[in-house]
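# sequence unknown, structure follows:
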Ligand code: FEO
Ligand code: CA
Ligand code: CA
Ligand code: CA
C-alpha cells in the first residue's frame, strides 16, 4: 500500500502555495499573500505605463500569427553520508506493466518512498556526498566558515547561500567546473539573534555577498561519482549583489535604465534572486533573476505594481544601507533587475551580462535549443501566478570553436532577435473543462498555440510589435506587453527545457491555488484545475519541430498529485505504479532523454524530491522518485549525468519559527551545527552509471 504520511506544516505556517511561511517571506517576498499582480483582462495595459513613460511612435508589426493545429523507507540520518532507501519498494505491480527489461536506461532504480527524513534519501545501492556547503572557502585568502564570526569579506570568497541552479561543465582530466546560483538569503538561519526590524550593516553586506553565483572547480573520484571541491583554483569565482555587470541588448542605454550612479544605463551592479538557469551550447551559463521585486522599497508606479514591488519597507531593509534599493530615491534601479544574465565561467576576468532582449520579468531561468542553421532559441518562464512564458529567437548564428573571437561573438547571440510570448488554445469544448481535472472526452488536455511577437532587436535598433508600447518599453515592461497581446495566463511557469533528444519542450507549472478563486481566471484546458495545489507539466511541440516556429501543439504530460486522486494524469501510464509528485519546479534531461523533475513545496506529506520519467516508448509517464531532501528544503538544480546526479538542497530547515537557536533541521552536519544549504552528488556505489 502507498504510505500515508502526516501532513507537514499544514496548520501553522503553511502558505497557500504550499511552502513554509518563512520560505514565502524570504524567497519571494510573500508573493502568495499579495494580490495577484496580473489583474489584466489581457487588454488593460492601455494606460498602465502612461505617466511612467513618455509616449513615442510605435510600429505595429505586419507579422501575423497563424494558428495551426498540427503541429523507500528512509533512514533518519543527518550527516554527509545521508540516507539510502533501506528496502526495495514494491508498488502495486500492474498486470499490463511492461517487463523490467523495457525500463529505459537511466531509470533503472528502485523508487524512493515518500518520507520526512531530515536527510537526502536515495535509492538502494546509491551513495552520496556533500560536494560543497554554504560558507566553504573557494577563493584564495577566504577563511574557513565560522558562522559566529562571519564577515562580508569572508562571505565574498566563500560559497554563497541557497544554491539553486547547477551546471557541471567539462574541464580537463577528472576536473569539472561547477556553477551554482545563490537565489536568496535566510537571515534568520544565518545570524544568531537576528533582529529583522534592525539588521546591521554587516549582516546586510554579508547577505549581498551570499547572493549571486559561484564557480568552483570540482574533482571527480575515479571509482564513484563522488565530487570534491578544489579550493583556490584560478577558475573559482564569486559573483554577488555588487559585482559589475554589462547591460546589453536593445534596452541598454535606455533612459529607463539610467541611474545617478550609472548615467549610461549600461553598467549594473549585482544580480539578485538567481533561480533556475541553463547551460548554453557555447559554454556559458544563463541565470534568471526571479523575485527581484522583494529587495526594493517605496514603489508607487503602476508598472511597479505589475511587478509586485512593495510600497513600504522591504523585508531585508537594504534601502537603509544603499539608496538604490529605495525606488522613491532611485526610481530606475529596479528596472536593472529581472533579466536573464549570462556568465562565462571559463573566463574569471569576464564581465557578466544582463540581456535585455529576453525581456524583463521574474525569469525562472532560460534554456537554449539551436535552430538548424545554428541560431539560439531561448525559452523562459515568468514564475508568478497567472503569468506567461516566452521565447527569444536569435537572428545570429553561433560560431563553433574556442577562439577568443568565437567566444566574444557568441556572447552577443542573445542581443539580436525577436521576443515572443505564448498563447495557448485548448481543442476540447470549454464545457468539458470543469476545473476538477477530469479529462475531457478526447482523453487529453491538449491543443495548439501561437508565439506572439512582442519586439525585435537588430543591430540598427529595435521595433515594437505591441501597439502603444515602444520597443524599449516592451523589453523593460515585458509583462505589460504580454497583457496587451492576450498571452495565456499560466499556473506559475517555472523551468522550461527542450529535450535534447526529441526537441519537445517541457514547461513546469508549479501550482496556482488562486486559479478559479474569486475574480481570478478560471480553469482552462492548459491549466485545467481550479485551486491548483499540485501543478502540472506541459509538453510543447514546435511546428515542424523547428524551435523558431511561431506555432506549436501542446498537451499536458503530467497533472501532478497523488496518483489515487482522479484529478491526476501521468501521460496515460497506469497510475497504480507511479510515484506521487507535487509542485514540479525544475526540469532537466539525462543523457538518454528521460525527463527529470524536481519539486518545490510538495503538498502530499512528503519532503520535496527528484523524479525521473520516460517521455517516449511504452514506459512514457512512469514517474519514479529518485531522492528526497531534508526538512524544509526544496530540490533544485538537478544535473543528471552518466556517473552522478547533482542536486542543490536549497533552504533546508526553512520552517516557520525556526532560528539558529532553535533549528528545524541540522542537515548536513548534525546537532550543534548550523543548517546549511549544500550541493549533493548521488552516485552508484558499484561505480556503474546512473539508472543502468
Ligand atoms: Fe525560484 Fe520559481 O523558483
Ligand atoms: Ca483536449
Ligand atoms: Ca525554482
Ligand atoms: Ca532546468
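Nice, thanks for sending it over. Since the structure is predicted, the reported quantities are computational estimates derived from the model, not experimental observations. Ligands and ions are numbered 1, 2, ... in the order given.

# where do the helices sit along the stretch 451-600 of the chain?
For the stretch 451-600 of the chain, the helices defined by DSSP state H, counting those that start in this stretch cover 471-476, 478-484.

# dump those to TSV, plus distance to residue 19, mean pLDDT and mean neighbour count.
C-betas here are computed from N, CA, C, even on glycine. Output for the helices of the stretch 451-600 of the chain, formatted as TSV (distance: least, Cβ to Cβ, whole Å; pLDDT from 0 to 100; neighbours: other Cβ atoms under 10 Å):
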stretch	distance to residue 19	mean pLDDT	mean neighbour count
helix 471-476	29	98	27
helix 478-484	23	98	28
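
# how about the residues of the stretch 451-600 of the chain near ligand 3?
Contacts of the stretch 451-600 of the chain with ligand 3, taken as Cβ under 5 Å from the ion, map to residue 585.

# which ones are touching the residue of the stretch 451-600 of the chain found nearest ligand 1?
Of all residues in the stretch 451-600 of the chain, residue 494 sits closest to ligand 1, at 4.7 Å by Cβ to the nearest ligand atom. By Cβ atoms under 8 Å, 6 or more residues apart in numbering, residue 494 lies in contact with 276, 364-365, 381, 383, 508-510, 584-586, 600.

# again with residue 391
Residue 391 touches 377-380, 419-420, 422, 451, 547, counting by Cβ under 8 Å, 6+ apart.

# tell me who's in contact with the residue in the stretch 451-600 of the chain positioned nearest to ligand 2.
Nearest to ligand 2 in the stretch 451-600 of the chain, going by Cβ to the ion, is residue 525, at a distance of 6.0 Å. Contact analysis of residue 525 by Cβ under 8 Å, 6+ apart lists 424-428, 433, 440, 445-447.

# do that again at 7 Å, thanks
426, 428, 433, 445, 447 (Cβ atoms under 7 Å, 6 or more residues apart in numbering).

# before we move on, what about residue 623?
570, 578-579, 581, 611, 613.

# and the next element down the chain from the biggest helix by length in the chain?
Assignment by DSSP state H gives helix 201-210 as the longest helix of the chain. Once the chain leaves helix 201-210, the next helix or strand it forms, by DSSP states H and E, is strand 212-220.

# list the pairing partners of the helix or strand that that following strand is followed by within its sheet, with orientation.
Later in the chain than strand 212-220, the nearest helix or strand by DSSP H and E is strand 227-229. Sheet pairing of strand 227-229 (DSSP bridges) gives strand 212-220 (antiparallel).

# and the partner strand, how far out from the chain's middle?
19 Å (Cα atoms, centre = their mean, to the nearest Å).

# how about it: buried residues?
Neighbour counts over strand 212-220 (16 or more other Cβ atoms under 10 Å) mark 212-220 as buried.

# quick one: contacts of that strand?
By Cβ under 7 Å, 6+ apart, strand 212-220 touches 131-132, 138, 159-160, 171, 174-182, 227-230, 233, 235-241, 243, 270-271, 274, 287, 343, 345.

# follow-up on the earlier one: tell me which of the contacts of residue 391 fall in strands.
Secondary structure assignment by DSSP state E places 377-380, 419-420, 422, 451 of those in strands.

# farthest-separated two in the contacts of residue 525?
Greatest spatial distance in these: 433 and 447, 10.6 Å, computed using Cβ to Cβ.

# common neighbours of these two, please.
426, 525.

# okay, which residue is most central for this protein?
residue 276 (3.2 Å; Cα atoms, centre = their mean).

# correct me if wrong: it contacts residue 290.
No: using Cβ atoms under 7 Å, residue 276 is not in contact with residue 290, being 8.1 Å away.

# helices or strands up against the helix or strand hosting residue 625?
Take DSSP H and E as the rule and residue 625 turns out to sit in strand 624-628. The elements that strand 624-628 packs onto, with contact taken as 3 or more Cβ pairs under 7 Å, 6 or more residues apart in numbering; DSSP states H and E, are strand 121-122, strand 609-613.
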